[in-house]
Each structure stands twice: as C-alpha cells, then as structure tokens.
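Visitor: Sequence first, then the predicted structure:
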Amino acid sequence: MSEFKELHLQALMNARWEEPDWQTLETTREGAWLLERHSMTERLKAHCRTLAVEVLGLHEIEQSALTENELSLLGEESCLVREVVLSGDGDAWLCARTLVPKSTLTEKEQDIADLGAVPLGQRVFNQANARRDAIEVATVVVEGQSLLARRSRLWVNEKPMLVSELFLPDAPVYQEEG
Ligand SMILES: C=C(O[C@@H]1C=C(C(=O)O)C=C[C@H]1O)C(=O)O
C-alpha cells in the first residue's frame, strides 16, 4: 500500500486545480460526480454493497508547509491531514486527502480527528448546516493513466476543511452506468 500511497497522494498534491467549466460539465456523466455538492460517500454507496474506508495517514502539517492557495481557502493555521482510500466491494475507488484546520477541530467537531474508518462525508453531512463550495477540478496522470480529480471546501458549523479526491481507475465515474 505504501507505493500506492506515494503515487496517488503525491499526484493529488501536485494537481493543477482549475475552475470547472460548469456549463459543459453539468451535461456529462463525469460532471455529475465532479460537481456533486452533497456527500460523495452517499454517491459511492449507491454503487456497491459495502463501502470501506482505509486510513493511509493521519498527521499534522504546519502552516508554513501549506500553499498560499490552501491558506487562502482555509485561513492561516496548521492542519490535520487525513489520507484515505475508499473501496467499493473491495475495489479501490477513490483516494482522498483532507486538510482540517486546528480551529475546525473544536467543540462538536473534535471527533473529526478520530473518525478512523467512518467516512468523513457521513460525519459531515449528518449536520444540517454542512455545505460545499470552491469546487475545482483537475486531470491527474498516474502511471500513464489520466484520472479525474477534484478539490472542494466543506463547511461544518461554519468551519472549513479542504478535501482533494482522486478517482481511481475502477471508480464508477468511469463506467457507462456510473
Ligand atoms: C468528503 C466526503 O467524504 C469522503 C470520505 C473521506 C474520508 O473518510 O476521509 C474523504 C473524502 C470523501 O470522498 C464526502 O462523502 O463527500
């Protein structure tokens, strides 16, 4: 798993995020996935019997190691980094890296640091005031394969986090009926 982690998380970190072409994307199958404003976990669950989360990493990152762009979306502070792979019925579908500012992990949201195998989306969209904005997309090349990726900001109780998601080759987004 560590080579997987190295390849996919590194690719996600190097992605060149761009404003989506809403008009074009909204009419496509990929667009429905990339522009999803509600829970990605829910959308993935609709395509399998069991959705499993494997935590690849959980560590802190100093403010100085964040990019200007990340700081402008989240505020100037250190973050918790949560890295996971989501698998549908045993097939790896999505690799995700989430930056959670320290000030988001307060009060009711302290548990977000200890989610383990509970999908982040399941926890966040439990909250009536959860919302997503700042959706950006990218095409990421991993081992010669072009993969879809997106980055978005999630808000829970008006506190932000930044979620980057890479759709792996077996993900339903690439399938006809996806
Ligand atoms: C952000 C969501 O959560 C999903 C689960 C994640 C996790 O458990 O870390 C990360 C990204 C997701 O695609 C979501 O469902 O929308």
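Guide: Nice, thanks for sending it over. All figures in this text were calculated on a predicted structure; none of them were measured in a lab.
Visitor: so is residue 76 in a helix, a strand, or just coil?
Guide: Judged by DSSP: H, G, I helix; E, B strand; the rest coil, the three-state class of residue 76 is coil.
Visitor: Tell me how many other residues surround it.
Guide: Using other Cβ atoms under 10 Å, residue 76 is surrounded by 9 other residues. Glycine gets a C-beta too; all of them are placed from N, C-alpha and C.
Visitor: do residue 66 as well
Guide: 21.
Visitor: Could you do residue 51 as well?
Guide: 19.
Visitor: what sits against it?
Guide: By Cβ atoms under 8 Å, 6 or more residues apart in numbering, the contact list for residue 51 reads 41, 44-45, 86-88, 119.
Visitor: so which of these are also by the ligand?
Guide: When contact is defined as Cβ under 6 Å from any ligand atom, the contacts of residue 51 meet the ligand at 41, 86, 119.
Visitor: Just give me the neighbour total for residue 52.
Guide: Residue 52 has 16 nearby residues by other Cβ under 10 Å.
Visitor: In space, what's closest to it - neighbours in sequence excluded?
Guide: Using Cβ to Cβ, 6 or more residues apart in numbering and skipping residues adjacent in sequence, the residue nearest residue 52 is residue 87, 4.8 Å away.
Visitor: for this structure, what are the low-confidence residue spans?
Guide: Low-confidence segments of the chain (pLDDT under 70): 1, 177-178.
Visitor: Near the ligand, which residues of it? Just list them.
Guide: Listed as neighbours of the ligand in the chain under the rule Cβ under 6 Å from any ligand atom: 39-41, 53, 82, 84, 86, 94, 96, 98, 119-121, 154, 163, 165.
Visitor: Output the contacting helices and strands for the helix or strand encompassing residue 100.
Guide: Per DSSP states H and E, residue 100 falls inside strand 91-101. Packing partners of strand 91-101 (3 or more Cβ pairs under 8 Å, 6 or more residues apart in numbering; DSSP states H and E): helix 2-13, helix 40-45, helix 68-74, strand 79-88, strand 159-167.
Visitor: mind listing what's buried in the next helix or strand along the chain from the second one?
Guide: The first helix or strand that comes after helix 40-45 along the chain, using DSSP H and E, is strand 51-61. Residues of strand 51-61 classed as buried by neighbour count (16 or more other Cβ atoms under 10 Å): 51-53, 56.
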